[in-house]
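Trainee: Here you go, sequence then predicted model.
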Amino acid sequence: MFQLTVTPASALADEPVHIQATGLPPLQMVTLIATMKDDKGNLYRSRAFYRANEAGELDLKRDPAVGGHYMGVHPMGLIWSLQSERPFARLIKRDVMNTPFWITLDLYDSVHIHKVGNVQPKASQVLQRWFSSPDLERVPIREGRVRAALFLPPGEGPFPGLLDLLGGIGGLVEYRASLLAARGFAVLALAYFAYDDLPNQLEEVDLEYFEEAANLLLAHPKVQKPGIGVISVSKGAEIGLAMACYLKQVAATVCINGTNAIHEFPLRYKDLVIAPIPSYPERMQVNVEGSVRIRHFKGDPRDERNQHSVLPVEKARGPILFVVGEADECFNSKEYAEQALDQLRRHGKSSGRMLAYPGAGHLLEPHYGPLCYMSWSRGLFLPMLWGGDPEGHAAAQEHSWQEILKFFRQHLVLSRSTL
């Protein structure tokens, strides 16, 4: 009798699961298909072909996929290789507190290449992928100018505080913040445009807004003093690096596929105004799939004319971890990180470190998240090319997520709480 098991059947989205099948005919070729709907009802699916062993067993920790959306031994391949059936979609968990992603796994006793639904599977299981843990608290924030959501672990704390910045997507995006809170951090997911009464478009970066958010987080009785960490990606990583340079509240910073200078919009902080490096839209390229590659869109921070826009990373009070994908088609992120590290070394500083990942694209997420190779992006006439290959990107996410957690645990003052 065919039997499919998934252990645990309910887990956090960044936790591995163990997928096994038993009762198969010896050496039988089988197909495993994963199916999931996002919060808007968009369908995601992956499939892989396996051969059972002589005992009629299959173990994804041991056995290689011979074809499908991936090949080789990848225990979580069915999860990270999920692809949207709607073109140019990006998977984002919106309701992080109340519902998981429900993923159905179906087992077929042949190489099943036909449309799902025409043949009944031999066995099925449903797993839940949660973005929050039990007793995690979500507090909507609307204080002063700050628009955010604060996630607090259970207990009295105090907990190390993190400020979470996404990029050009805008709005209030919470899935990374809630997962970090499940790992023992107090995390403020901060909106900075296209949300509530904030400007609909980003026209300038007012660093005092981000300082207000940092002070709000530090003032919370469950947040440890004296400093916070910042985790940031894309445009958010440019802002995160600026926070590290100018704000005394920032004790440790993670910049994921960001820049080392101010681009596109001016940055203001008190009496300081940093003009952006010019951009060159004529350098945009449209690939054969119809998406826009803007890797060479930005002006070069190394140009003598652009030196006024380069961020003074040597002024950062705490360590900086640069996480970059070498297949990033949106930013020349590895080059930007190398320039920042060179600048630190020229000033006698060793407080920067880079993690560079071959095959990883721009949108590096908590691990086991599917690769978003290209998707619609705010303000563009065509979808944005983010880059990456599924296997390399998945490996990068798995390693970098653990390194990010380790970085913050090392450099933020730890409490008696278990992290």
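Mentor: Received the coordinates, thanks.
Trainee: Quick one: distance of stretch 318-335 to the chain centre.
Mentor: 13 Å (CA atoms, centre = their mean, to the nearest Å).
Trainee: could you give the mean pLDDT of it?
Mentor: Per-residue pLDDT over stretch 318-335 has a mean of 98.
Trainee: Next one: the most centrally placed residue in the chain from Arg51, what distance?
Mentor: In the chain, the residue lying closest to the centroid (CA atoms, centre = their mean) is Glu365, at 2.0 Å. From Glu365 across to Arg51, the span is 31 Å (CB to CB, to the nearest Å). Yep, even glycine has a C-beta here, placed from its N, CA and C like the rest.
Trainee: picking up where we left off before, the residue lying closest to the residue nearest to the centre of the chain once chain neighbours are set aside sits in which helix or strand?
Mentor: In this structure, Glu365 finds its nearest non-sequential neighbour in Gln397, 5.9 Å apart by CB to CB, 6 or more residues apart in numbering. Element membership for Gln397, per DSSP states H and E: helix 390-411.
Trainee: in that helix, what's buried?
Mentor: Using 16 or more other CB atoms under 10 Å as the test for burial, helix 390-411 gives 390-398, 400-401, 404-405, 407-409, 411.
Trainee: re the thing from before, do you know how far the residue nearest to Glu365 is from Ala11?
Mentor: 16 Å.
Trainee: Assign Glu211 to helix, strand or coil.
Mentor: Assigned with DSSP: H, G, I helix; E, B strand; the rest coil, Glu211 falls in the helix class.
Trainee: what's it in contact with, if anything?
Mentor: 243, 247, 249, 269 (CB atoms under 8 Å, 6 or more residues apart in numbering).
Trainee: Please identify the buried residues of stretch 196-207?
Mentor: So for stretch 196-207, counting by 16+ other CB under 10 Å, buried means 198, 202, 205-207.
Trainee: So what's the residue count around Met384?
Mentor: 25 (other CB atoms under 10 Å).
Trainee: Need the pLDDT of it.
Mentor: Met384 is assigned a predicted lDDT (pLDDT) of 96.
Trainee: any idea what sits nearest it, other than its immediate chain neighbours?
Mentor: Met384 sits nearest to Ser377 (CB to CB, 6+ apart), 3.9 Å away.
Trainee: Also Thr99?
Mentor: Leaving aside its chain neighbours, Thr99 sits nearest to Asp39 (7.5 Å; criterion: CB to CB, 6+ apart).
Trainee: Check the gap between the one you found and Pro100 for me.
Mentor: From Asp39 to Pro100 the distance is 11 Å (CB to CB).
Trainee: For Ile274, list each beta-bridge partner.
Mentor: Counting by DSSP bridges, Ile274 is bridged to Leu267.
Trainee: That one: how many residues sit nearby?
Mentor: So Ile274, with other CB under 10 Å, has 21 neighbours.
Trainee: and it, what does it touch?
Mentor: Neighbouring residues of Ile274 by CB under 8 Å, 6+ apart: 262, 266-268, 308-309.
Trainee: can you rerun that using 7 Å?
Mentor: Shown in contact with Ile274 (CB atoms under 7 Å, 6 or more residues apart in numbering): 262, 266-267, 309.
Trainee: Neighbour count added to the contacts of Glu211, as JSON lines?
Mentor: Listed next are the contacts of Glu211 as JSON lines, based on neighbours: other CB atoms under 10 Å:
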{"residue": "Met243", "neighbour count": "24"}
{"residue": "Leu247", "neighbour count": "21"}
{"residue": "Gln249", "neighbour count": "20"}
{"residue": "Tyr269", "neighbour count": "19"}
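Trainee: quick one: which of these is nearest Pro226?
Mentor: Gln249 (8.1 Å; CB to CB).
Trainee: Surely the closest one touches Glu212?
Mentor: No - in this structure, Gln249 is not within contact of Glu212 by CB atoms under 7 Å, at 10.4 Å.
Trainee: This structure: helices as residue ranges?
Mentor: Per DSSP state H, the chain carries helices over the ranges 77-80, 175-182, 207-219, 235-246, 333-346, 390-411.
Trainee: Could you export the ones you listed as TSV, including distance to Asn257?
Mentor: Listed next are the helices of the chain as TSV, based on distance: least, CB to CB, whole Å:
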stretch	distance to Asn257
helix 77-80	18
helix 175-182	14
helix 207-219	19
helix 235-246	6
helix 333-346	4
helix 390-411	11
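Trainee: For Gly229, which of these is the nearest?
Mentor: Nearest of the helices of the chain (CB to CB): helix 390-411, 4.9 Å.
Trainee: Off-centre distance for the closest one?
Mentor: 10 Å.
Trainee: Just want the angle from it to helix 175-182.
Mentor: 50 degrees (axes from the mean of the first three to the mean of the last three CA atoms, to 10 degrees).
Trainee: which residues touch helix 390-411?
Mentor: 14, 70, 80-81, 160, 162, 183, 185, 229, 231, 251-252, 254, 318-319, 321, 323, 325, 327, 355, 357-361, 364-367, 369, 371, 419.
Trainee: Please, where are all the strands along the stretch 151-300 of the chain?
Mentor: Secondary structure of the stretch 151-300 of the chain by DSSP state E, counting those that start in this stretch: the strands cover 161-165, 186-190, 205-206, 228-233, 250-256, 267-269, 272-274, 285-286, 292-293.
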